[in-house]
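>>> quick one: sequence plus predicted model below, questions after.
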Amino acid sequence: LVSRKKKSEDTIVTINGEQIGTGTPSFVFGPCAVESYTQVAEVAAAIQSKGLKLIRGGAYKPRTSPYDFQGLGLEGLKILKQISQEFGLAVVSEIVTPSHLEEALDYVDVVQVGARNMQNFELLKAVGQINKPILLKRGIAATLDEFIHAAEYIISQGNDQIILCERGIRTYERATRNTLDISAVPILKQETHLPVFVDVTHSTGRRDILLPAAKAAIAIGADGVMAEVHPDPAVALSDAAQQMNLKQFDEFYDSIQKFMKNHEVH
Ligand code: PEP
Ligand code: MN
């Protein structure tokens with residue numbers, strides 16, 4: 001059902017008045033994890049000032065170590081909801097288990113399925129039964145065929161509001177945290193009718209190359225870019241090495257806007 005052979009027109013996912021999948025890139029910024037109301041509010045104000053409509057933030061964090069910050073859970077979702085109402089932003093947040101899903105629906109606008117859960121088939125089936133957009137991330141070692149099949153799990157349950165997100169894959173290269181598979185974008189767009197985003201933060205894991213990675217994503221036809229922003233990355237409870245601070249965020253976004261203007265991406 002996600003195949004172009006089944007439906008030739010692009011699927012447009014509308015979130016908070018923003019149409020995703022029309023060719024104009026969308027942007028999802030926000031902290032890796034929700035840490036406090038003020039932390040998220042500072043980022044939300046910056047996002048809102050740019051006229052953007054979406055914010056991200058993890059309340060349930062899938063961490064490699066069980067001893068690392070696991071997220072604020074429901075408390076984090078409540079903060080996101082409050083931010084959403086105060087700043088007029090739609091919330092994208094990861095849900096890691098079907099048992100949290102129903103409760104989360106009151107707080108989030110877009111349910112993110114993270115890389116580690118791309119083949120959590122029960123979660124995929126569960127999000128396929130809800131009436132909210134899903135941002136599905138590519139698994140850390142998933143082929144594009146497996147990624148497409150994961151989306152098929154969701155759509156087969158009735159939910160066709162799916163955004164695919166390339167976020168880098170595990171390779172032998174250690175210069176970046178993961179290897180951004182930029183060719184995934186045009187391939188996914190050819191093979192499916194779904195919008196495709198690129199997460200430049202988790203793919204590169206490097207603040208110094210977020211901008212060229214985002215430019216590459218837009219140049220190759222991505223429908224959106226995700227990147228993490230934190231008021232003070234040095235003290236962030238997760239992903240301290242790659243989140244942008246607010247000044248870096250301003251510069252990043254300005255450069256992207258110029259790039260889009262120069263290349264007539266509208
Ligand atoms: C995230 O976006 O917060 C995240 C954990 O990303 P990924 O699932 O791609 O690692
Ligand atoms: Mn992160």
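Perfect, I can see it now. Remember, predicted model here, so these are calculated numbers, not experimental data. Ligands and ions are numbered 1, 2, ... in the order given.
>>> from Gln39, how far out is the closest residue to Glu18 other than its chain neighbours?
Among residues not flanking Glu18 along the chain, Lys53 sits closest, at 4.5 Å (CB to CB, 6 or more residues apart in numbering). Backbone N, C-alpha and C define where each C-beta goes, glycine included. Distance of Lys53 to Gln39, given as CB to CB, to the nearest Å: 20 Å.
>>> same question for Ala236.
From Ala236 across to Gln39, the span is 9 Å (CB to CB).
>>> near ligand 1, which residues of the stretch 1-150 of the chain?
Residues of the stretch 1-150 of the chain lying close to ligand 1 (CB under 6 Å from any ligand atom) are Cys32, Gly58, Pro62, Glu94, Gly114, Ala115, Arg116, Lys137.
>>> how about Ser203: what's its closest non-neighbour residue?
Once flanking residues are discounted, Ser203 sits nearest to Gly168: 3.0 Å by CB to CB, 6+ apart.
>>> skipping adjacent residues, who's closest to the residue of the stretch 151-266 of the chain found nearest ligand 2 in space?
Closest contact between the stretch 151-266 of the chain and ligand 2, by CB to the ion, is at Asp239 (3.6 Å). Once flanking residues are discounted, Asp239 sits nearest to Cys32: 4.0 Å by CB to CB, 6+ apart.
>>> any common contacting residues for Ala236 and Gln39?
In terms of CB atoms under 8 Å, 6 or more residues apart in numbering, Ala236 and Gln39 are both contacted by the residues Pro31, His230.
>>> all helices for the protein, in order.
Assigned by DSSP state H, the chain shows helices spanning 37-49, 74-87, 98-104, 121-127, 144-155, 184-191, 200-204, 210-219, 246-262.
>>> is the shortest one positioned near ligand 2?
No. Counting by CB under 5 Å from the ion, ligand 2 is not contacted by helix 200-204; separation bottoms out at 5.8 Å.
>>> centre of the chain versus that helix, how much separation?
Centroid separation between helix 200-204 and its chain, computed with CA atoms, centre = their mean, to the nearest Å, is 11 Å.
>>> mind giving me the packing neighbours of it?
For helix 200-204, the elements it packs on are helix 210-219, strand 224-228, judged by 3 or more CB pairs under 8 Å, 6 or more residues apart in numbering; DSSP states H and E.
>>> tell me the pLDDT of the residue of the chain found nearest ligand 1.
Proximity of the chain to ligand 1 (CB to the nearest ligand atom) peaks at Gly114, 3.1 Å away. If you check Gly114, the pLDDT there is 98.
>>> coming back round to it: let me know the pLDDT of the residue nearest to Ser203.
98.
>>> about what we covered before: and the helices and strands packed on helix 200-204, which is most packed in?
Counting by mean count of other CB atoms under 10 Å, strand 224-228 has the highest mean neighbour count of the helices and strands packed on helix 200-204, with a mean of 27.
>>> partners of that strand in the sheet?
Note on strand 224-228: by DSSP bridges, its sheet partners are strand 26-30 (parallel), strand 196-199 (parallel).
>>> thinking again about what came up before, would you mind finding the most buried of the helices of the chain?
The highest average neighbour count among the helices of the chain, using mean count of other CB under 10 Å, belongs to helix 200-204 at a mean of 26.
>>> tell me the mean pLDDT for that helix?
98.
>>> what's in contact with it?
By CB under 8 Å, 6+ apart, helix 200-204 touches 32, 115, 166-168, 176-180, 210, 213-214, 217, 225-228, 239, 242-243.
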